[in-house]
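Trainee: with the sequence up front, the predicted model follows.
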Amino acid sequence: MKLVAVRILIVDDDRAVRESLRRSLSFNGYSVALAEDGVEALARTAVPLRVAGNDAWVELRRQVVAAQRKSDLRRAEDPVDAVVCAYVALYAQHCPAGVTVYGDFATGYIVTPSLPPNLIHR
C-alpha cells in the first residue's frame, strides 16, 4: 500500500483549538498548516483564492460582522455562495482528480472536493 503525504489545513477562529489540533496531528505524522478564517485558508491552498484585498469582499465581510438579524446575513449569502462556487470550479479545473461529481449534466450535479482516502471512515 502506497502512503500518500497528507497536508492538513486547520481553520478555526479559536487559537487554542488550532494549536491543540496542530499538536495532535503533527504528533501523528501529518503536515499541518493553520489559518484563522476561511478567507485566509483559501489563500493558502494548493489552488489559492485570494479575495482578502478585494474591496467588494472586504465590504461584504464588514456587513456580515455587523449583521444584527438573520435577514442581514441572508443578503450576504448569495455573494458568498458565488465565491465558494467559483473556487470549487477553479479547484476542479486545476485538480480534476481532487473532486467528486454527484449526478449528471442532464439532471443536475454537484462538484465537491474529495476527502483524502485515509480520512474516510469505513
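Mentor: Sure thing, it's come through. Keep in mind that what you see is a predicted model, and the values were worked out from it rather than measured. Residues are numbered from 1 along each chain as shown.

Trainee: state the next helix or strand along the chain beyond the helix or strand of the chain with the lowest mean pLDDT.
Mentor: Within the chain, confidence by mean pLDDT, DSSP states H and E is lowest for helix 38-43 among all helices and strands, at a mean of 75. Heading C-terminal from helix 38-43, the first helix or strand you meet, by DSSP states H and E, is helix 55-66.

Trainee: does anything pack onto that following helix? Which helices or strands?
Mentor: With contacts taken as 3 or more C-beta pairs under 8 Å, 6 or more residues apart in numbering; DSSP states H and E, helix 55-66 sits against helix 70-94. Bear in mind the C-beta positions are built from the backbone N, C-alpha and C, glycine included.

Trainee: show the average pLDDT along the helix it packs on.
Mentor: Helix 70-94 shows a mean pLDDT of 83.

Trainee: pull out the buried residues from it.
Mentor: A76, V83, Y87, V88, Y91, A92 (16 or more other C-beta atoms under 10 Å).

Trainee: which residues touch that helix?
Mentor: Residues outside helix 70-94 that contact it (C-beta atoms under 8 Å, 6 or more residues apart in numbering) are 42, 45-47, 49, 51, 56-57, 60, 63-64, 66-67, 98-99, 111-113.

Trainee: how far does it sit from its chain's centre?
Mentor: 11 Å (C-alpha atoms, centre = their mean, to the nearest Å).

Trainee: what's the angle between whichever helix or strand comes after it and helix 70-94?
Mentor: The helix or strand immediately downstream of helix 70-94 is strand 99-104, counting by DSSP H and E. Orientation check (axes from the mean of the first three to the mean of the last three C-alpha atoms, to 10 degrees): strand 99-104 against helix 70-94 gives 110 degrees.
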